[in-house]
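Asks: sequence and computational prediction follow.
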Amino acid sequence: MSESLHRSEDSATRHDNAQRGKHAATITYIAADGAYAEPAGQWDNHDWALDERDALIGRRRMRYLDVGVGETAVVLLHGMGGRWQHWVYVIPQWADRFRVLALDLPGFGESELPVRPLSLDGLADAVAELCRHVGVKRVAIVGHSMSGSIALRFASRHRELACAIVLVAGAVFQFSSLLSRRAVIPYFLRRPRASSAIVTEVASAAITLPKMVRRLIAGSALLRRIALWPYVLRPAELTSAAAALIVDGGGAPGVASTVRAIGQSEVLGSIDDVGCPILSIAGDRDLIAPLQDAETLQQQVPRARTVVLEECGHMPMLERPNALAEQLTDFVTTSAV
């Protein structure tokens, strides 16, 4: 950890206050380490099917991965169009320290749509029900992108379970505003590339591409640049396997109703009811959850801790998995005591 802190301090001197905003002093920057998109542990030769389980939650099947041991469970929630597999680069390192549950949220991956219409509160309650089903009593809840809001609701509605919150690219203020059609024109005028990235992500998440097309995109550096630019900083440097983790999640039946739920909700939800520590991890080159939104979150929730990973887009778990794994391990270890 000390080496990373030294890198953070050295990196911080290279950012002026105008770029960081008025709350720059409360934000820690982690410099790029030259290991872009390198897994934090061995994952590609592991048969994950051995660790997959199904549970009946709200009369519907929920698929989840259950690995590792420990009193504290790290519960991983994917973003829009995602699946639990988005976390495979970092799961091995965390499973050495904690019990890890990685979920397909209702309506995504192999989990069935719930009986009732999707809502962020309902999704948070489904996650809590699964935790109780498997006997988990202390949860560090980790939400990527849209699931940052679900993680906050989990912690506010199920305080007895939550011991820590980690928002990974989870400051989605612009994302939420565009989906609710609030301030659409001002956002497109001020942040046209980020706004286009959000629209592209939502559209891509709703479409099921033929398997052959997905394989072509994953296997071609040129096609990765064209298709994956909203998600990652350097699409061409992803392996085909890592690219496939992104493109294979499109077409989930839960996308449309989740988009509506996000558009009808506030990003921070009942933040005043959250009693556990909060860590926000952002990418400095994220288009879908721009750095300005991470600064806004820090301003609105000053008790949170914000860490910015340099040279990183919207998928820290695939782009800078080692730095992400280290930050989460340190935070959960100190917060869950």
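Replies: Arrived safely.
Asks: can you give me the strands in the stretch 1-150 of the chain?
Replies: Along the stretch 1-150 of the chain, the stretches classed as strands by DSSP state E, counting those that start in this stretch are 27-30, 52-57, 60-67, 72-77, 99-103, 138-144.
Asks: can you give the distance of the first one from its chain's centre?
Replies: In this case it means strand 27-30. 18 Å (Cα atoms, centre = their mean, to the nearest Å).
Asks: okay if I get the strands of the stretch 1-150 of the chain as a markdown table plus mean pLDDT and mean neighbour count?
Replies: Where C-beta positions appear, they are placed from N, C-alpha and C, glycine not excepted. As requested, the strands of the stretch 1-150 of the chain are exported to a markdown table (pLDDT from 0 to 100; neighbours: other Cβ atoms under 10 Å):
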| stretch | mean pLDDT | mean neighbour count |
| --- | --- | --- |
| strand 27-30 | 94 | 21 |
| strand 52-57 | 96 | 16 |
| strand 60-67 | 97 | 20 |
| strand 72-77 | 97 | 26 |
| strand 99-103 | 97 | 26 |
| strand 138-144 | 97 | 27 |
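Asks: of all those, which one is nearest Gly109?
Replies: Proximity to Gly109, assessed across the strands of the stretch 1-150 of the chain by Cβ to Cβ, is greatest for strand 60-67 (5.8 Å).
Asks: chain center to that closest one: distance?
Replies: With Cα atoms, centre = their mean, you get 18 Å for strand 60-67.
Asks: contacts for it next, please.
Replies: Defining contact as Cβ atoms under 8 Å, 6 or more residues apart in numbering, one finds that strand 60-67 is touched by 48, 51-56, 84, 91, 95, 99-104, 106, 109-115, 126, 130, 134.
Asks: hang on, the earlier thing: could the strands of the stretch 1-150 of the chain go into JSON lines alongside distance to Ala294?
Replies: Formatted as JSON lines, the strands of the stretch 1-150 of the chain follow (distance: least, Cβ to Cβ, whole Å):
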{"stretch": "strand 27-30", "distance to Ala294": "8"}
{"stretch": "strand 52-57", "distance to Ala294": "32"}
{"stretch": "strand 60-67", "distance to Ala294": "28"}
{"stretch": "strand 72-77", "distance to Ala294": "18"}
{"stretch": "strand 99-103", "distance to Ala294": "24"}
{"stretch": "strand 138-144", "distance to Ala294": "14"}
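Asks: for Leu291, find the nearest of those strands.
Replies: strand 27-30 (9.2 Å).
Asks: helices or strands up against that closest one?
Replies: Using 3 or more Cβ pairs under 8 Å, 6 or more residues apart in numbering; DSSP states H and E, the elements in contact with strand 27-30 are helix 2-12, helix 291-300, strand 305-309.
Asks: how many neighbours does Gln299 have?
Replies: 14 (other Cβ atoms under 10 Å).
Asks: my error: substitute Pro106 in the last question.
Replies: The number of residues packed near Pro106 is 26, by other Cβ under 10 Å.
Asks: that one contacts Pro253, doesn't it?
Replies: No: the criterion here is Cβ atoms under 8 Å, and Pro106 misses it with Pro253 at 9.7 Å.
Asks: what's the overlap in contacts for these two?
Replies: In terms of Cβ under 8 Å, 6+ apart, Pro106 and Pro253 are both contacted by the residues Leu113.
Asks: what ranges does the stretch 201-337 of the chain have for its helices?
Replies: For the stretch 201-337 of the chain, the helices defined by DSSP state H, counting those that start in this stretch occupy 211-219, 221-228, 240-247, 255-263, 291-300, 316-319, 321-335.
Asks: which of those sits most buried?
Replies: helix 316-319 (a mean of 27; mean count of other Cβ atoms under 10 Å).
Asks: can you tell me what sits against that one?
Replies: Identification of contacts with helix 316-319 by Cβ under 8 Å, 6+ apart yields 36-37, 86-87, 89-90, 144, 168-169, 232-234, 238, 242, 245-246, 281, 283, 309, 311-313, 323-324.
Asks: enumerate every residue touching the residue most central in space within the chain.
Replies: The chain has His144 as the residue nearest its centroid, 1.3 Å off, counting by Cα atoms, centre = their mean. His144 sits next to Leu76, Leu77, His78, Gly79, Gly82, His86, Val168, Ala169, Gly170, Met317 when contact means Cβ under 8 Å, 6+ apart.
Asks: for the chain, give me the ranges with low pLDDT.
Replies: Applying pLDDT under 70 to the chain flags residues 1-25, 41-44, 336-337.
Asks: 80 - rerun?
Replies: 1-26, 40-46, 182-183, 336-337 (pLDDT under 80).
Asks: what separation is there between the residue nearest to the centre of the chain and Val115?
Replies: 26 Å (Cβ to Cβ, to the nearest Å).
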